[in-house]
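> please find the sequence and the predicted model below.
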Amino acid sequence: MPKPNPKQIVTYTQLFINNKWVPAAAGEKFATINPANGQKIADIAKASEVDINNAVGVAKRAFVRGSPWRRLDSSARGNLLHKLADLIVENVDELANLEALDSGKPFAKAYMEVHACSAIIRYYAGWPDKIYGKTIPVDGNALAMTRKEPIGVVGQIIPWNYPIIMMGMKIGPALAAGCTIVLKPAEQTPLTALRVASLAKEAGFPPGVLNVVPGFGPTAGAVISEHPDVVKVAFTGSTEVGHIIMQAAGKTNLKRVTLKLGGKSPFVIFNEADLDEAVQIAHDNLFSNSGQSCLAPTRVFVQSGIYDEFVKKSTALAKARKVGDAFEPNVQNGPQIDAESLEKILALIESGKKEGAKLQTGGNRLGKVGFFVQPTVFSDVTDDMRIAKEEIFGPVQTIFKFDTLEEVIQRANNTNYGLAAGVCTKNIETALEFSKAMEAGVVWVNQWGALEPQAPFGGYKESGIGREMGEEALSNYLETKTISIKLPSNN
């Protein structure tokens with residue numbers, strides 16, 4: 001049985017470099033805060049340029065030809081990943097408690113996400129001895145073959161909304177491919193990344209293979225992005241910072257970049273859909289994680305024949321949603337991550353009111369302690385409003401009305417984002433036509449949010465570059481080398 005503990009002891013607060021716990025070179029620390037009450041959980045070592053350079057140097061040495069990591073059989077890399085996945089499950093209660101304290105998300109949700117991280121790593125544990133090249137029938141007296149090789153030292157920068165899942169999505173394919181890693185967790189949520197680092201050491205990963213360096217974007221993330229010895233950066237976060245990382249990669253060593261960025265995803269519900277099911281899908285996936293999800297269905301388009309009833313049922317669900325501390329029984333929504341996020345959400349809610357959207361419920365801060373927002377529903381939203389165009393990243397549902405398939409396809413695609421889309425319909429032709437037309441990395445039919453380790457995930461347009469999860473994610477961390485051998489004949 002899960003064991004929630006709001007007084008979970010925090011053991012790991014230093015930088016993890018070369019399988020050792022070390023203070024920041026400058027001795028600086030920062031406080032990680034519980035967003036449910038604004039109180040400090042722990043002081044965390046704050047990585048600076050010196051620390052990042054140290055971590056990259058260690059990772060580079062761990063990758064040199066002949067190192068313990070490079071000499072490992074590929075199957076042995078898989079065994080280490082299996083062991084890490086096992087240890088994550090064995091420590092699920094501690095990890096879930098740390099995640100719930102640090103991010104504010106309900107303990108039950110954090111518990112499931114720890115298991116999801118383990119599942120992702122276990123999926124990639126099966127890959128190392130299945131990564132191979134090809135023999136190619138070239139013309140003439142020659143044999144050509146390809147060899148798949150790890151690219152080297154990679155920098156990984158993960159967000160605060162799904163910290164432990166994102167860590168699994170990043171380190172799983174990189175370690176399976178044979179790379180070494182310098183990982184920076186979000187400054188708001190460093191605790192589970194540090195604990196997983198300790199488990200990687202316990203699993204037997206050699207020194208320098210995985211290094212975890214908490215810090216801030218301008219002083220740690222920027223150094224990773226610009227470092228000449230980092231050959232690839234994988235980043236999940238805002239589109240604004242994604243642009244900065246692309247620029248940094250271009251002006252240094254033309255490092256590879258994988259970006260998973262923001263979204264403003266459309267969820268389209270047709271008249272013939274199962275209304276109650278559609279209402280529940282939209283509600284669950286918008287308000288999940290307090291609305292702090294890049295793939296949330298933030299633009300709900302409902303066909304005119306069922307629009308009023310959909311709004312009525314959605315409003316009732318939002319009013320009944322329980323908001324509170326992560327460790328309260330049956331809580332569904334926790335707080336927003338910090339005061340800055342809270343203020344941004346409230347400002348966008350005010351813009352919706354001023355621009356003419358109809359506020360059905362919510363719309364205010366909840367309480368004076370912590371960063372809570374009432375579950376909010378707007379109807380009569382039009383495409384030109386700020387709440388229709390900007391990523392709110394909070395518990396705010398916006399409901400639009402449409403009449404025809406062609407109309408809603410055009411409106412759904414009218415955004416700079418392209419992370420996800422979804423449709424509820426009982427008409428297979430409508431489902432297929434909509435799915436083909438969407439400019440999005442994933443399209444869900446009569447469901448939302450189905451993400452599994454085996455299937456790739458990523459975005460179109462300004463929602464990102466590249467794919468994570470599935471076999472496709474491995475290519476982010478591999479080089480293809482062609483070897484051509486002269487033969488005496490072409491028989």
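Okay, I see it. Numbers count the residues shown, from 1 in each chain.
> for the stretch 101-250 of the chain, what spans make up the strands?
Remark: strands assigned in the stretch 101-250 of the chain by DSSP state E, counting those that start in this stretch are 135-136, 142-150, 153-157, 180-184, 210-212, 232-236.
> who's in contact with the last one?
Read it as strand 232-236. 151-152, 154-159, 166, 169-170, 174, 179, 224-225, 241-242, 245, 248-249, 255-261, 294, 468, 476-477 (C-beta atoms under 8 Å, 6 or more residues apart in numbering). C-betas here are computed from N, CA, C, even on glycine.
> average pLDDT across it?
Averaged across strand 232-236, the pLDDT comes to 98.
> name every strand pairing with that strand and say which way it goes.
Take DSSP bridges as the rule and strand 232-236 pairs in its sheet with strand 153-157 (parallel), strand 256-260 (parallel).
> the longest one too?
Using DSSP bridges, strand 142-150 pairs in its sheet with strand 135-136 (antiparallel), strand 478-486 (antiparallel).
> check contacts around residue 117.
By C-beta under 8 Å, 6+ apart, the neighbours of residue 117 are 88, 164-165, 167-168, 196.
> any idea how far the closest residue to it other than its chain neighbours is from residue 373?
Sequence neighbours aside, residue 168 is the residue nearest to residue 117 in space, at 3.7 Å (criterion: C-beta to C-beta, 6 or more residues apart in numbering). Applying C-beta to C-beta, to the nearest Å, the value for residue 168 to residue 373 is 28 Å.
> which one of these two has more residues nearby?
Neighbour totals were compared for residue 168 and residue 373, and residue 168 leads with 29 against 24 (other C-beta atoms under 10 Å).
> wait, the more buried one touches residue 118, no?
Yes: the criterion here is C-beta atoms under 8 Å, and residue 168 meets it with residue 118 at 7.3 Å.
> now the strand or helix carrying residue 353, how far from the chain's geometric center?
Here residue 353 sits within helix 339-354, counting by DSSP states H and E. In terms of C-alpha atoms, centre = their mean, to the nearest Å, the centre of helix 339-354 is set 23 Å apart from its chain centre.
> after it, which helix or strand is next?
Using DSSP H and E, the helix or strand that follows helix 339-354 towards the C-terminus is strand 358-361.
> ok, that next one: who's next to it in the sheet?
Determined by DSSP bridges, the sheet partners of strand 358-361 are strand 376-379 (antiparallel).
> tell me the mean pLDDT for the strand it pairs with?
98.
> just to revisit the earlier point, figure out which of the strands paired with strand 142-150 is closest to residue 325.
Comparison of the strands paired with strand 142-150 against residue 325 by C-beta to C-beta identifies strand 478-486 as nearest, at 43.8 Å.
> how about residues contacting the closest one?
131, 133, 138, 141-151, 177.
> then stretch 272-281?
For stretch 272-281, contacts defined as C-beta under 8 Å, 6+ apart pick out 267, 269, 297, 306, 309-310, 313-314, 317, 422, 424-427, 446-448.
> rerun at 7 Å
Stretch 272-281 has contacts (C-beta atoms under 7 Å, 6 or more residues apart in numbering) with 269, 306, 309-310, 313-314, 317, 424-427, 447-448.
> repeat that for stretch 33-44.
Applying C-beta under 7 Å, 6+ apart, the set of residues contacting stretch 33-44 from outside is 10, 13, 29-32, 101-102, 104, 190, 214, 325-326, 334-338, 369-371.
> swap in 6 Å and give it another go.
Here stretch 33-44 makes contact (C-beta atoms under 6 Å, 6 or more residues apart in numbering) with 10, 13, 29-32, 101, 104, 190, 214, 325, 335, 337, 369-371.
> name the helices or strands packed onto the lowest-mean-pLDDT helix or strand in the chain?
In the chain, no helix or strand scores lower on mean pLDDT, DSSP states H and E than helix 239-251, which sits at a mean of 93. Judged by 3 or more C-beta pairs under 6 Å, 6 or more residues apart in numbering; DSSP states H and E, helix 239-251 is in contact with helix 222-226, strand 256-260.
> export these to CSV and tack on mean pLDDT?
Output for the helices and strands packed on helix 239-251, formatted as CSV (pLDDT from 0 to 100):
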stretch, mean pLDDT
helix 222-226, 97
strand 256-260, 97
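> save the ones you listed as TSV, and put in mean neighbour count and distance to residue 385 too.
TSV is the format used below for these (neighbours: other C-beta atoms under 10 Å; distance: least, C-beta to C-beta, whole Å):
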stretch	mean neighbour count	distance to residue 385
helix 222-226	23	34
strand 256-260	23	26
